[in-house]
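A.B. asks: Structure for this input, please:
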Amino acid sequence: MAEEKGKVYLVGAGPGDVAYLTVKAYQLLAVAQVLVYDALVDTQLLECVSPDCLKLDVGKRGGKPSTPQGEINKLLVKYCQQGKQVVRLKSGDPFIFGRCTAEIEALKASGCEFEVIPGISSALAAPLLAGIPLTDPVLSRCFAVLTAHEPDVLDWEALSRLETLVILMGGQNLSEIVNQLLRYGRSHSTPIAIIRWAGTPSQQIWTGVLGNILEQTASLSLSPVVIVVGEVVGLRHFLQPEKMYSED
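C.D. replies: Purely as a prediction, here's the structure:
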């Protein structure tokens with residue numbers, strides 16, 4: 001009898017709530033023998049796997065202790081070589097700040113079969129769920145998605161000229177983000193929205209302008225959040241249905 005061949009699926013879990021999981025992702029979770037998941041994945045998603053599935057929390061959350069990337073790579077290779085069907089579950093979409101490159105390189109180097117499954121990125125879902133369109137014929141003809149995990153390496157002069165910015169992993173650096181945008185010409189009256197736990201019952205939204213958002217959020221723990229900067233933030237009051245989530 002031929003030995004069963006393992007395979008690793010790099011799966012996007014979407015913004016949080018299990019309702020935003022793709023059909024493909026749901027089907028793969030149902031047959032997974034090993035699940036390797038991030039800290040930001042909603043725990044409800046763990047109920048989609050079978051009771052005998054091995055669940056490994058590798059806890060990659062910004063600013064807190066997490067499993068080294070090298071160890072995660074080794075886990076994926078190890079269980080794939082054992083002939084297991086492995087799901088590597090990541091928040092959002094695997095190719096948007098999902099650190100897939102290192103994992104794919106390790107899998108290819110070890111001759112492991114793999115497949116990448118798209119997910120809905122919070123960069124797109126969070127503004128939508130907050131009633132904020134990222135494009136508009138007048139106010140926003142383009143938008144940029146960036147991570148502010150390392151704000152010092154970003155070209156803020158160029159970014160400040162774009163009509164709409166969607167900033168991930170920026171909660172801890174909100175002050176630096178605001179200061180850099182103001183430094184390079186954005187007005188103090190530029191609208192800004194901060195969306196925490198988008199797409200979950202715990203979703204919260206703070207709106208303001210660059211000139212007052214730091215004061216509004218001074219005592220809050222802003223993680224995980226998606227930050228939207230631009231005039232389109234002002235459209236949300238015209239475009240959202242009755243409020244379904246908490247807003248401050």
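
A.B. asks: Can you get me a residue count around the residue lying closest to residue 211 once chain neighbours are set aside?
C.D. replies: Spatial nearest neighbour of residue 211, chain neighbours left out: residue 188 (3.4 Å); criterion: C-beta to C-beta, 6 or more residues apart in numbering. Using the backbone N, CA and C atoms, a C-beta is placed for each residue, glycine as well. Using other C-beta atoms under 10 Å, residue 188 has 11 neighbouring residues.

A.B. asks: isn't residue 188 right up against residue 209?
C.D. replies: Yes. Between residue 188 and residue 209 a contact is recorded at 6.4 Å, counting by C-beta atoms under 8 Å.

A.B. asks: any shared contact partners between those two?
C.D. replies: Shared contacts of residue 188 and residue 209, defined by C-beta atoms under 8 Å, 6 or more residues apart in numbering, are absent.

A.B. asks: May I ask which helix or strand of the chain has the lowest mean pLDDT?
C.D. replies: strand 246-247 (a mean of 54; mean pLDDT, DSSP states H and E).

A.B. asks: Report the contact partners of residue 81.
C.D. replies: 6, 110, 112.

A.B. asks: Next one: it, what pLDDT does it get?
C.D. replies: Predicted confidence (pLDDT) at residue 81: the value is 97.

A.B. asks: now it: how far from residue 32?
C.D. replies: As judged by C-beta to C-beta, to the nearest Å, residue 81 and residue 32 stand 16 Å apart.

A.B. asks: Likewise for residue 72?
C.D. replies: Taking C-beta to C-beta, one finds residue 72 at 16 Å from residue 32.

A.B. asks: Show me the shaky parts of this structure.
C.D. replies: Flagging of the chain using pLDDT under 70 yields the residue ranges 1-3, 41, 60-65, 242-248.

A.B. asks: Show me the domain layout of it.
C.D. replies: Per the TED database, the domain ranges recorded for the chain read 7-117, 122-239.

A.B. asks: Could you tell me the end-to-end distance of the shortest one?
C.D. replies: What it means is domain 7-117. 13 Å (C-alpha to C-alpha, to the nearest Å).

A.B. asks: Could you count how many residues lie near residue 72?
C.D. replies: There are 22 residues near residue 72, going by other C-beta under 10 Å.

A.B. asks: Wasn't it part of a helix?
C.D. replies: Yes. Under DSSP: H, G, I helix; E, B strand; the rest coil, residue 72 sits within a helix.

A.B. asks: all strands of the chain, in order?
C.D. replies: Residue ranges of the strands in the chain, as given by DSSP state E, are 7-12, 34-37, 54-57, 85-90, 113-117, 143-147, 164-168, 191-196, 204-209, 225-229, 246-247.

A.B. asks: before we move on, the earlier item: roughly how far does the residue nearest to residue 211 sit from residue 165?
C.D. replies: For residue 188, the distance to residue 165 - C-beta to C-beta - is 16 Å.

A.B. asks: Adding mean neighbour count, write the strands of the chain out as a markdown table.
C.D. replies: Below are those laid out as a markdown table (neighbours: other C-beta atoms under 10 Å):
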| stretch | mean neighbour count |
| --- | --- |
| strand 7-12 | 24 |
| strand 34-37 | 24 |
| strand 54-57 | 14 |
| strand 85-90 | 26 |
| strand 113-117 | 16 |
| strand 143-147 | 18 |
| strand 164-168 | 24 |
| strand 191-196 | 24 |
| strand 204-209 | 19 |
| strand 225-229 | 27 |
| strand 246-247 | 13 |
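
A.B. asks: Pipe these into CSV and attach distance to residue 101 per row.
C.D. replies: What follows is the strands of the chain, written out as CSV (distance: least, C-beta to C-beta, whole Å):
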stretch, distance to residue 101
strand 7-12, 11
strand 34-37, 16
strand 54-57, 20
strand 85-90, 13
strand 113-117, 11
strand 143-147, 15
strand 164-168, 17
strand 191-196, 27
strand 204-209, 32
strand 225-229, 23
strand 246-247, 36
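
A.B. asks: Nothing else from me, thank you.
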